[in-house]
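K.L.:
Pasting a predicted model and its sequence here:
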Amino acid sequence: MRPAGASGGPGGAQAGPSPSEAAVPGGSQYGTTRTGNRQAGPRVFSGIQPSGDLHIGNYLGAIRGWAEEQDRFDAIYCIVDLHALTVEQDPARFREQTLETARNLMAAGLDPERCTLFVQSHVVEHVALSWLLQCTTSFGELRRMTQFKDKSAGRDSVSVGLFTYPVLQAADILLYGAEKVPIGDDQRQHLELTRDVAMRFNHRYGETFIVPEAVTPKVAARVMDLQNPTAKMSKSAQSPLGTVLMLDPPDAITRKVRRAVTDSIGQVAYDPERQPGVATLLEILAATTNADPKALAGEFSGYGELKNAVAEALVEELRPVRERSRELGRDPGEVLRALRDGAARATELASMTLARARHAMGLLDAG
Ligand code: TRP
């Protein structure tokens with residue numbers, strides 16, 4: 001019962017539903033996560049590692065956009081704990097970080113009533129599909145991944161998981177028939193691989209997966225480090241001053257912004273090549289105020305003035321997030337309940353896709 005190769009969505013990769021699948025609520029072979037009073041739009045899927053305390057790079061570059069998309073799309077967001085295990089984690093700390101990440105995502109506006117929020121390892125189908133896709137991916141393809149090359153360089157021991165990481169990511173996306181995948185620039189290559197693997201699988205075994213497309217936010221797709229503005233903002237940066245955390249109190253935000261590295265040119269212009277520090281500040285301001293960094297540059301006569309504006313905008317933007325995080329911290333049960341419901345919804349969808357992929361590859365049904 002191989003699904004017919006009728007073409008559907010914009011990628012032309014959507015299979016026609018078989019009679020049993022057509023009975024799924026929502027009518028699509030990929031089902032629907034929505035039971036509310038709203039029509040679901042196209043499906044989006046994205047993932048984030050459970051690093052616990054998120055920074056404004058995560059927030060402005062990803063999460064805020066995710067929150068905005070909840071009502072326009074059928075949105076599924078995943079805390080990718082299995083991806084994080086590709087490097088060694090301290091077990092007790094790791095568990096906490098996962099919960100903390102969930103809490104902070106909810107604080108930043110992801111509403112479990114309006115999107116599906118879950119933890120990757122709670123849905124075992126990710127690992128199962130990942131194996132099927134590993135057998136559809138070549139060693140050479142994975143060896144070319146720049147993230148693998150960067151992360152493995154100079155280490156004497158690298159886990160196999162770090163190597164197969166992009167295949168698990170492909171499984172994440174393909175399990176849900178996601179049409180759009182909001183990602184930062186550094187994940188484009190992984191999305192290309194996902195598309196290649198999906199197309200190859202469809203070609204070999206019959207139309208099974210929707211071929212997804214990457215979407216990147218216009219501004220602040222990557223927020224740079226305030227101390228080292230040619231590097232992406234990251235929790236593991238050399239100086240903590242370069243990274244503004246989403247839950248930093250106002251005085252810490254202000255201090256970090258005031259001490260941001262600029263240059264000796266002395267003119268506020270948006271020129272990421274010549275003035276990376278100033279450009280970073282303008283990009284942050286642009287992202288928080290939904291403006292254009294070039295247009296904003298003309299509004300400031302000096303760096304001090306620009307920094308004050310950036311600090312003020314960030315403090316205001318993050319104030320409600322901090323408050324909500326504090327509230328949720330008082331009731332961890334609420335976060336756990338949301339994750340449990342999210343995993344149940346995700347499992348329904350994922351198990352249908354896994355069954356189709358198993359069948360397409362010729363694995364014997366368990367009966
Ligand atoms: N690899 C992504 C990152 O490090 C996280 C991720 C895992 C992801 N699975 C995904 C992103 C699926 C988008 C879709 O940022």
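P.N.:
Sure, I can see it.

K.L.:
do you know how far whatever residue of the chain ends up closest to the ligand is from Ala62?
P.N.:
Closest to the ligand within the chain is Gly47: 3.0 Å, counting by C-beta to the nearest ligand atom. (Glycine included, C-beta is placed from N, CA and C.) Distance of Gly47 to Ala62, computed by C-beta to C-beta, to the nearest Å: 10 Å.

K.L.:
out of the two, which sits in the more crowded spot?
P.N.:
Using other C-beta atoms under 10 Å as the criterion, Gly47 and Ala62 rank with Ala62 on top: 26 against 22.

K.L.:
doesn't Asp186 make contact with that one?
P.N.:
No - using C-beta atoms under 8 Å, Ala62 is not in contact with Asp186; the gap is 11.4 Å.

K.L.:
So the residue of the chain closest to the ligand lies in a helix, does it not?
P.N.:
No - using DSSP: H, G, I helix; E, B strand; the rest coil, the assignment for Gly47 is strand, not a helix.

K.L.:
Return the distance of it relative to Pro332.
P.N.:
Gly47 sits at a distance of 22 Å from Pro332 (criterion: C-beta to C-beta).

K.L.:
now the strands for the stretch 151-300 of the chain?
P.N.:
180-182, 213-215 (DSSP state E, counting those that start in this stretch).

K.L.:
Any idea what the residue of the chain closest to the ligand is bridged to?
P.N.:
Taking DSSP bridges as the rule, Gly47 bridges to Cys78.

K.L.:
wait, isn't it in contact with Phe118?
P.N.:
No - between Gly47 and Phe118 there is no contact under C-beta under 8 Å: 10.3 Å.

K.L.:
Now do the shared contacts for these two.
P.N.:
Among the neighbours of Gly47, those also in contact with Phe118 (C-beta atoms under 8 Å, 6 or more residues apart in numbering) are Tyr77, Cys78, Ile79.

K.L.:
okay, the residues you listed in TSV with distance to Ser351 next?
P.N.:
Listed next are those as TSV, based on distance: C-beta to C-beta, whole Å:
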residue	distance to Ser351
Tyr77	19
Cys78	15
Ile79	19
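
K.L.:
Would you mind checking those for buried ones?
P.N.:
Taking 16 or more other C-beta atoms under 10 Å as the criterion, what is buried in the shared contacts of Gly47 and Phe118 is Tyr77, Cys78, Ile79.

K.L.:
The nearest residue to the first one once chain neighbours are set aside: neighbouring residues, count only.
P.N.:
Ranked by C-beta to C-beta, 6 or more residues apart in numbering and with sequence neighbours excluded, the top spatial neighbour of Tyr77 is Leu117, at 5.2 Å. Residues contacting Leu117 under the criterion other C-beta under 10 Å number 26.

K.L.:
who touches Leu117 in this structure?
P.N.:
Contacts of Leu117 (C-beta under 8 Å, 6+ apart): Tyr77, Cys78, Ile79, Ala102, Leu105, Met106, Leu110, Ala338, Leu339, Gly342.

K.L.:
would you turn those into JSON lines with pLDDT?
P.N.:
Putting those into JSON lines (pLDDT from 0 to 100) gives the following:
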{"residue": "Tyr77", "pLDDT": "97"}
{"residue": "Cys78", "pLDDT": "98"}
{"residue": "Ile79", "pLDDT": "98"}
{"residue": "Ala102", "pLDDT": "97"}
{"residue": "Leu105", "pLDDT": "97"}
{"residue": "Met106", "pLDDT": "97"}
{"residue": "Leu110", "pLDDT": "97"}
{"residue": "Ala338", "pLDDT": "98"}
{"residue": "Leu339", "pLDDT": "98"}
{"residue": "Gly342", "pLDDT": "98"}
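
K.L.:
who wins for neighbours among the residues you listed?
P.N.:
Result: Leu105 is most packed of these (other C-beta under 10 Å), 28 neighbours.

K.L.:
which ones are touching that residue?
P.N.:
Neighbour list for Leu105: Ile48, Leu54, Ile63, Tyr77, Ile79, Leu117 [criterion: C-beta under 8 Å, 6+ apart].

K.L.:
For Ile265, which non-adjacent residue is closest in space?
P.N.:
Gln275 (6.0 Å).

K.L.:
Equivalent analysis for Leu85, please.
P.N.:
Gly161 (6.5 Å).

K.L.:
Verify the contact between that neighbour and Thr86 for me.
P.N.:
Yes - at 4.0 Å, Gly161 counts as touching Thr86 under the criterion of C-beta under 8 Å.

K.L.:
ok, those two, which is more surrounded?
P.N.:
Taking neighbours as other C-beta under 10 Å, Gly161 and Thr86 compare with Thr86 leading, 20 against 13.

K.L.:
three-state assignment of the more buried one?
P.N.:
Assigned with three-state DSSP, Thr86 falls in the coil class.
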